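J.: Turn this into a model:
(one chain, ligands or ions: 1)
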Amino acid sequence: MTSHHEQIHVGTAAQPADAFFTDWRQVQAATYDFIVIGTGPAGVAFVERALARNPHARILVLERGGYALPMHVQMLPPPFRALDRHTPMLGGRSTSWSVWCPAPEPALLRGWPQALVDVTRKPGFWADARSFLHVTGADAIDDSVYGCLQRQLDLRLGDNFRHCVPSALDAHAAPLAVSGDAGPGPSFHPYCTVGTLLGLWQRQKTRAAQERGSMLAIVDHCTVERLLHDDAGRVSALATNRGPLGVGDARIVLAMGALSPAALLIRSFGARLPNAGKRCTGHLMSRIAARVKRSAFRDLSALELGACYLHGRATGGLQYHVQVSAFASSHPEQDADAIACETPDAAALPSPAQLRGSEQHVLLVCTVLGEVGEDNPGNGVGQDGADLRLRAGPMELQLWDVMDDAACQTIAALASRSGVAPAIEYWIEEGDAGYWQAERPEAHQVRLPVIVDEASALWIGEDAAGSVVGLDYRPHGVDNVYVTGAALFPTAGSWNPTLTVCGLAQDLADRIV
Ligand SMILES: Cc1cc2nc3c(=O)[nH]c(=O)nc-3n(C[C@H](O)[C@H](O)[C@H](O)COP(=O)(O)OP(=O)(O)OC[C@H]3O[C@@H](n4cnc5c(N)ncnc54)[C@H](O)[C@@H]3O)c2cc1C
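T.: Numbers count the residues shown, from 1 in each chain. Predicted structure coming up:
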């Protein structure tokens, strides 16, 4: 377990962990072309693309967290996996996210300006984002754990989902950000931006020594608190916890997640940005776990995992999706490490209580995410980011029924062999323990009291009256600040946001570098 004060510092004598951080006084004396705030997927996707376009670009990266984890928390030894997900750290939420990376088709981008939808249709938009995040289909993971079970899940869903799940639009093997770099080693490697960022730092150092590029400057434990600007909306300095930083001619890229950039802009620009924080969307969540006898599947080996993605819509138009993670282990205790390392959904690992006694079963654990729409009066975020108001309205409650039904229908479709439905047992959680029962759980037993994947607080649009950020990614009336990340999404859909976030960050780099 880590906290703000006790982080795991990793390094060797030859390469101290903090060697890649630049001294603050040096930073204050230097000039930059771009100042990027945030080292999560959005910030690093921007930096990578920017340096690919111009290795001489002088880039400063500021991050409020520190260097704590070199890789995704899922790949660490067991005592370190119980990470406090709220501790800021280099890499942002990529250090602990689940790695589902669907690409929303244009029809799912409800309320997005056509110009932005067209950006997502540009050749290479999705391919480049997938390449950055190392995305692969669960059906293409080539190791001994994904294989036979995955193929059977794909076949059953592919054949059946339309008539088994009436509200579904599509279903396929899960797209996951897990393909390791080429070479030996595990082929299931949850993506985290820290390695990419350090690799870019190393490459720029080499390039700078050969006068083929500029050093990449990275400063950790640096919280940007306010943007100081003139009447024309031009930012001249950043107020940070380390002291002020003159901006000069640099362009500032806010890649700070979904809520922090809204809080920063509201604090800094106040009434100049009247719509900032007035909208907030996100995802409702249920978790439904079930099991069926192994005999419902063919030729399974002792340990098998699988992952499928199904998405659909309620009649009111709000979207949902089901992330199914499947587990078959004949020796759960012995397999505990392999299951934890290769689980597709880091936030939905089956509990020891679920695995124990399930040696002769296949577990199907569904995380079900549904859209919180943009029209709920009162939803929004204020200037300290903590005063988030994000509640479900009547449309979302209707969606919640549809998506829970869809998850149970998906489980039934996946469990059926040659059209024959086996007995399904559902998990009822009671604290650290729980039990299996034949009846489907009630809503209160599966619905989680959280809304995740917050978005839209700085939604993008054509004009200042109807949005916060313009189509050029700059807040209306602000000169040298650009926003990237899910704060831009006019609506959140239900799809996991990070692939789209990275595509838009790459598009920003294409436009301004
Ligand atoms: C448990 C969990 C599971 C998830 N699963 C999925 C999934 O399966 N698929 C998916 O697509 N997404 C998933 N997500 C969401 C995903 O993590 C985010 O979409 C993604 O990290 C967004 O990238 P980002 O760079 O915009 O923001 P972040 O990753 O949040 O990075 C923002 C960075 O900005 C820094 N920062 C913020 N404010 C300041 C400041 N004032 N000064 C300096 N630095 C600042 C932060 O410390 C952070 O490093 C999950 C998230 C969680 C928590």
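J.: Over to stretch 371-384 now: how far is its first residue from its last?
T.: 24 Å (C-alpha to C-alpha, to the nearest Å).
J.: What helices and strands are in contact with the longest helix along the chain?
T.: Taking DSSP state H as the criterion, the chain has its longest helix at helix 394-415. Counting contacts by 3 or more C-beta pairs under 8 Å, 6 or more residues apart in numbering; DSSP states H and E, helix 394-415 packs against helix 148-164, strand 168-173, strand 281-293, strand 303-313, strand 319-329, strand 361-372, helix 443-446. (Glycine included, C-beta is placed from N, CA and C.)
J.: Please render these as CSV that adds mean pLDDT, mean neighbour count and distance to the ligand to the earlier fields.
T.: As requested, the helices and strands packed on helix 394-415 are arranged in CSV below (pLDDT from 0 to 100; neighbours: other C-beta atoms under 10 Å; distance: least, C-beta to the nearest ligand atom, whole Å):
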stretch, mean pLDDT, mean neighbour count, distance to the ligand
helix 148-164, 92, 19, 18
strand 168-173, 97, 20, 15
strand 281-293, 97, 23, 10
strand 303-313, 97, 25, 10
strand 319-329, 98, 27, 7
strand 361-372, 98, 26, 8
helix 443-446, 97, 14, 18
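J.: Tell me which of those lies nearest to residue 107.
T.: strand 168-173 (8.4 Å; C-beta to C-beta).
J.: Run through who's touching that closest one.
T.: Residues from elsewhere that reach strand 168-173 (C-beta atoms under 8 Å, 6 or more residues apart in numbering): 137-140, 150, 153-154, 157-158, 161-162, 165, 307-313, 406, 410.
J.: Any part of the host helix or strand of residue 36 near the ligand?
T.: Using DSSP states H and E, residue 36 falls within strand 34-37. Yes: against the ligand, strand 34-37 shows contacts by C-beta under 6 Å from any ligand atom at residue 37.
J.: Do the helix or strand just after that strand and the ligand come into contact?
T.: Beyond strand 34-37 on the C-terminal side, the first helix or strand identified by DSSP H and E is helix 41-53. Yes: residues of helix 41-53 contacting the ligand under C-beta under 6 Å from any ligand atom: 41-43.
J.: and if you look at stretch 117-132?
T.: No: using C-beta under 6 Å from any ligand atom, stretch 117-132 never reaches the ligand; the gap is at least 10.6 Å.
J.: Check stretch 74-89 too.
T.: Yes: using C-beta under 6 Å from any ligand atom, stretch 74-89 reaches the ligand at 85, 88.
J.: what's the straight distance from one end of that stretch to the other?
T.: Stretch 74-89 end-to-end distance (C-alpha to C-alpha) = 16 Å.
J.: which residues of the stretch 351-500 of the chain fall in strands?
T.: 361-372, 425-430, 433-437, 452-455, 481-483 (DSSP state E, counting those that start in this stretch).
J.: could I get the helices and strands packed on helix 394-415 as JSON lines with distance to residue 262?
T.: JSON lines is the format used below for the helices and strands packed on helix 394-415 (distance: least, C-beta to C-beta, whole Å):
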{"stretch": "helix 148-164", "distance to residue 262": "37"}
{"stretch": "strand 168-173", "distance to residue 262": "31"}
{"stretch": "strand 281-293", "distance to residue 262": "12"}
{"stretch": "strand 303-313", "distance to residue 262": "27"}
{"stretch": "strand 319-329", "distance to residue 262": "23"}
{"stretch": "strand 361-372", "distance to residue 262": "16"}
{"stretch": "helix 443-446", "distance to residue 262": "31"}
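J.: now for these, which one comes closest to residue 378?
T.: strand 361-372 (12.1 Å).
J.: Which neighbouring elements make contact with the closest one?
T.: Partner elements for strand 361-372 (3+ C-beta pairs under 8 Å, 6+ apart): strand 281-293, strand 319-329, helix 352-355, helix 394-415.
J.: Out of the ones you listed, which gets nearest to residue 483?
T.: Going by C-beta to C-beta, the one of the helices and strands packed on strand 361-372 nearest residue 483 is strand 281-293, 15.7 Å.
J.: tell me which strands and helices the closest one is in contact with?
T.: Secondary elements touching strand 281-293 (3+ C-beta pairs under 8 Å, 6+ apart): strand 361-372, helix 394-415, strand 425-430, helix 443-446, strand 452-455.
J.: export the last one as CSV, just CAs?
T.: It refers to strand 452-455. C-alpha atoms of strand 452-455 as CSV (Å, rounded to 0.1, in the frame of the first residue of the first chain):
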residue,chain,number,x,y,z
VAL,A,452,-16.5,6.8,-12.9
ASP,A,453,-14.8,8.2,-16.1
GLU,A,454,-15.9,11.7,-15.4
ALA,A,455,-15.9,13.8,-18.6
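J.: contact partners of that strand?
T.: 258-259, 280-283, 285, 369, 381, 388, 390, 486-487, 489, 492, 496-497.
J.: Point out the residues in the chain that sit beside the ligand.
T.: 37-43, 62-65, 85, 88, 92-94, 96-101, 223-224, 255-257, 260, 264, 347, 453, 485-486, 496-498, 501.
J.: what does the domain assignment say about this protein?
T.: 24-76+85-119+190-279+454-512, 138-185+282-378+392-450 (automatic domain parsing).
J.: ok, now which ones touch residue 424?
T.: Taking C-beta under 8 Å, 6+ apart, one finds 290-292, 411-412, 415, 438 in contact with residue 424.
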